[in-house]
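In: Provide a 3D model corresponding to the input given below.
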Amino acid sequence: MTSTDSALTAALLQQALAHHQQGQLREAQAFYRQVLALQPQQFDALHLLGVIARQQGDTAQAIELIAQALALDPQQAKAHCNLGVALMDQGRVAEALASYERALALQADYAMAWSNRGNALRRLGQTEAALESYQQALTHQPRYVEAHSNRAIALQDLGRYMEALASAEAALNLNDRHADAWLARGHALHCLRWLPEAVESLDRALYLRPDWAEAYAAQGAALHRLGELAAALDSYDRALTINPRQPQWHTARGNTLRAMQRHDEAAQAYRTALECGEQSETVAFALASVGAGAAPASLPAEYVRNLFDQYANHFDEHLLTVLDYQTPAHLARLLLQHLPQNAALDILDLGCGTGLCAPALRPLARTLSGIDLSPQMLEKAGQRQLYDELHCADLLAYLAGQADAWDLAIAADVFVYIGDLAPVFDAVAHALRAGGTFCFSVEAASSGDYTLQASNRYAHSLAYLTRLASASGLQLLASEQLTAREENGAPISALALLLQKA
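Out: Numbers count the residues shown, from 1 in each chain. The predicted structure is shown next:
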């Protein structure tokens, strides 16, 4: 290449960069191509043409061009990072992670690569590692708005809602027009049950990004919980106008219609969710809740897990203060009436939640273990420091390996999420030692075996429970009627039973 060609290449590249920085992509693209016509292996032109291709939505072309540039000079950290972004766009998350890590091997203080690495780790389900990666980004660039916002999302995923809120607000303190941070703030406020503030935050996100389906859906969820059902329905409709194939939003829209007593429309929304890929067991449960199908044997495990992960931070306060929850006290009294004094029992707390039964059980226990589906609830239970062991597991799967292991199994307000209790009774009987006891509560059904109520909770009849006990080799020691809690100002009738293994 002559000196004249080199000078022309440099001038064309300078013009390309100027147009690119001003967002004039077509003009920049034309100049980069002129550079490549003169110098086909010019790194910057190949790399930045790849960046433009991604900006224009052509991720395949972006990956090809940036890879060509890196073949010429593999020591360019920024190109590795940009390749990772394009790979992420294609869902090739593990490859993207490898690109970010190559960038960081070349430039350890590259804050954008640390933040993008966190995004990849979060997509791969490695949320704690993602959080550490975002923190590394902020160590190198403390005023990095995107890293603060991404960190808020990771903290939200971990159920650390107050920290998520603080991280979102740190981003907004740096840039109050950052839509992602407003969304993250709205999610955190929702989970903290600061609902009017959550709606306001989501409004700000939508003001900045008016056609944002995810923000409309989040707004719908907050409005539904506030009881503003018509507004919630409008938000879900807007979200689905933008992205009509999102099954969870169709399900949420159906839930709103159900709350509005528009059951036929709710049933159609649930069927549409199924067509869009919603889990069949979730749809079966939802259809049953509006009378459009038979009640399933139990609620979907994912539904229960998500419900209580979101509920964990305010579970105790809501039950004890708002709902006047009395079940643990009733079960404790039943146990004290029938168990020998100075008992030293191996006790299993089924569906232990935040451990509300633990204070009554600990004095009776030689060992006290709890199991629950919700990691967030178990974290709260662990903070009581009353359990010897806590396990995140499905009830039946855990009990399958527990033959003759326990003196007492207790389940407070757990079977409201399971209709068919026959497998549970058999599993508990298998896990109890001879003479062991099984104490539990259910909401009371006046007829039949069990029914799925409008509250999405099952009720069971005493006749059904005594029949199951007999079939499982368990003897009825005591049963009591009780008021479990209040709901919308009305008492909820329940039953407490104590069974013994022969």
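In: going forward, measure contacts between C-alpha atoms and count neighbours the same way
Out: Noted.
In: am I right that Ala217 is in a helix?
Out: Yes - under DSSP: H, G, I helix; E, B strand; the rest coil, Ala217 falls within a helix.
In: check which residues of the longest helix anywhere in the chain are buried.
Out: Ranked by number of residues, the top helix in the chain under DSSP state H is helix 3-21. For helix 3-21, burial by neighbour count (16 or more other C-alpha atoms under 10 Å) applies to Thr9, Leu12, Leu13, Gln15, Ala16, Leu17, His19, His20.
In: would you check how far apart the third one and Cys81 are?
Out: As judged by C-alpha to C-alpha, to the nearest Å, Leu13 and Cys81 stand 21 Å apart.
In: then Gly227?
Out: Gly227 is 45 Å from Cys81, by C-alpha to C-alpha.
In: same question, Ala7
Out: Counting by C-alpha to C-alpha, the gap from Ala7 to Cys81 is 29 Å.
In: now do Gln481
Out: Taking C-alpha to C-alpha, one finds Gln481 at 64 Å from Cys81.
In: rewinding a little: which of the buried residues of helix 3-21 lies closest to Asp180?
Out: His20 (24.4 Å; C-alpha to C-alpha).
In: what's the pLDDT at the closest one?
Out: As predicted, His20 sits at a pLDDT of 88.
In: cool, and Val51?
Out: Taking Val51 on its own, its pLDDT is 94.
In: can you tell me, leaving aside adjacent residues, what's nearest to it?
Out: Excluding the flanking residues, the one nearest Val51 by C-alpha to C-alpha, 6 or more residues apart in numbering is Ala62, at 6.1 Å.
In: ok, residues contacting the helix or strand where Leu46 lies?
Out: Leu46 belongs to helix 43-55 when elements are defined using DSSP states H and E. With C-alpha atoms under 8 Å, 6 or more residues apart in numbering as the test, helix 43-55 has contacts from 13, 25, 29, 32-33, 35-36, 59, 61-66, 68-70, 72-73, 79, 82, 86.
In: beyond it, next helix or strand please.
Out: Helix 43-55 is succeeded, C-terminally, by helix 59-72 (DSSP H and E).
In: looking at that next one now, give me its mean pLDDT.
Out: Helix 59-72 shows a mean pLDDT of 96.
In: output the contacting helices and strands for that helix.
Out: helix 43-55, helix 77-89 (3 or more C-alpha pairs under 8 Å, 6 or more residues apart in numbering; DSSP states H and E).
In: show me where pLDDT drops low in the stretch 301-450 of the chain?
Out: 303-325 (pLDDT under 70).
In: can you rerun that using 80?
Out: The stretch 301-450 of the chain contains residues with pLDDT under 80 at 301-326, 341-343.
In: now the strands for it?
Out: Counting by DSSP state E, counting those that start in this stretch, the stretch 301-450 of the chain has strands at residues 345-350, 365-372, 389-392, 406-411, 432-444, 450-452.
In: wait, which of these is closest to Ala459?
Out: strand 432-444 (4.6 Å).
In: in that closest one, which residues are buried?
Out: Leu432, Arg433, Gly436, Thr437, Phe438, Cys439, Phe440, Ser441, Val442, Glu443, Ala444.
In: of those, closest to Trp249?
Out: Nearest to Trp249 among the buried residues of strand 432-444, with distances taken as C-alpha to C-alpha, is Glu443, at 30.0 Å.
In: the more surrounded of Gly227 and Cys81?
Out: Neighbours were counted for Gly227 and for Cys81 using other C-alpha atoms under 10 Å; Cys81 has more, 26 against 14.
In: skip the chain neighbours and tell me the closest residue to the more buried one.
Out: Tyr100 (5.2 Å).
In: just checking, what packs against the host helix or strand of the one you found?
Out: Using DSSP H and E, Tyr100 maps to helix 93-106. Secondary-structure packing of helix 93-106 (3+ C-alpha pairs under 8 Å, 6+ apart): helix 77-89, helix 111-123.
In: next SSE after the last one?
Out: Scanning the chain past helix 111-123 towards its C-terminal end, the next helix or strand to appear is helix 127-140 (assignment: DSSP H and E).
In: the stretch 101-250 of the chain: helices as residue ranges?
Out: In the stretch 101-250 of the chain, the helices defined using DSSP state H, counting those that start in this stretch lie at 111-123, 127-140, 145-157, 161-174, 179-191, 195-208, 213-226, 229-242, 247-259.
In: now do the helix or strand Ser470 falls within against strand 432-444, angle only.
Out: Using DSSP H and E, Ser470 sits within helix 462-471. Using axes from the mean of the first three to the mean of the last three C-alpha atoms, to 10 degrees, one finds that helix 462-471 and strand 432-444 are set 170 degrees apart in direction.
In: related to what we said a few turns ago, switch the strands of the stretch 301-450 of the chain over to a markdown table; also include distance to Arg54.
Out: Listed next are the strands of the stretch 301-450 of the chain as a markdown table, based on distance: least, C-alpha to C-alpha, whole Å:
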| stretch | distance to Arg54 |
| --- | --- |
| strand 345-350 | 51 |
| strand 365-372 | 44 |
| strand 389-392 | 42 |
| strand 406-411 | 54 |
| strand 432-444 | 56 |
| strand 450-452 | 50 |
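In: hey, C-alpha coordinates of stretch 152-165 in PDB?
Out: Output in PDB follows, covering the C-alpha atoms of stretch 152-165 (Å, rounded to 0.1, in the frame of the first residue of the first chain):
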ATOM      1  CA  ALA A 152     -30.300  -4.500  41.100                       C
ATOM      2  CA  ILE A 153     -31.800  -7.200  38.800                       C
ATOM      3  CA  ALA A 154     -29.500  -9.900  40.200                       C
ATOM      4  CA  LEU A 155     -30.300  -8.900  43.800                       C
ATOM      5  CA  GLN A 156     -34.000  -9.100  42.900                       C
ATOM      6  CA  ASP A 157     -33.500 -12.600  41.500                       C
ATOM      7  CA  LEU A 158     -31.900 -13.500  44.900                       C
ATOM      8  CA  GLY A 159     -34.900 -12.100  46.800                       C
ATOM      9  CA  ARG A 160     -32.700  -9.300  48.400                       C
ATOM     10  CA  TYR A 161     -35.300  -6.700  47.600                       C
ATOM     11  CA  MET A 162     -34.100  -3.800  49.800                       C
ATOM     12  CA  GLU A 163     -30.600  -4.100  48.300                       C
ATOM     13  CA  ALA A 164     -32.100  -4.300  44.800                       C
ATOM     14  CA  LEU A 165     -34.000  -1.100  45.500                       C
END
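In: buried stuff in that stretch?
Out: So stretch 152-165, judged by 16+ other C-alpha under 10 Å, has buried residues 152-165.
In: quick one: least confident of these?
Out: Gly159 (84).
In: now that residue: closest residue in space that isn't a chain neighbour?
Out: Nearest to Gly159 is Gln376, by C-alpha to C-alpha, 6+ apart, at 6.5 Å.
In: picking up where we left off before, just the buried ones out of the contacts of helix 43-55, please.
Out: Judged by 16+ other C-alpha under 10 Å, buried ones among the contacts of helix 43-55: 13, 25, 29, 32-33, 35-36, 59, 61-66, 68-70, 79, 82, 86.
In: my guess is the residue nearest to Val51 meets Val85, correct?
Out: No - using C-alpha atoms under 8 Å, Ala62 makes no contact with Val85, being 9.8 Å away.
In: how about the helix holding Leu46: buried residues?
Out: The neighbour-count check on helix 43-55 (16+ other C-alpha under 10 Å) flags Phe43, Asp44, Ala45, Leu46, His47, Leu48, Leu49, Gly50, Val51, Ile52, Ala53, Arg54 as buried.
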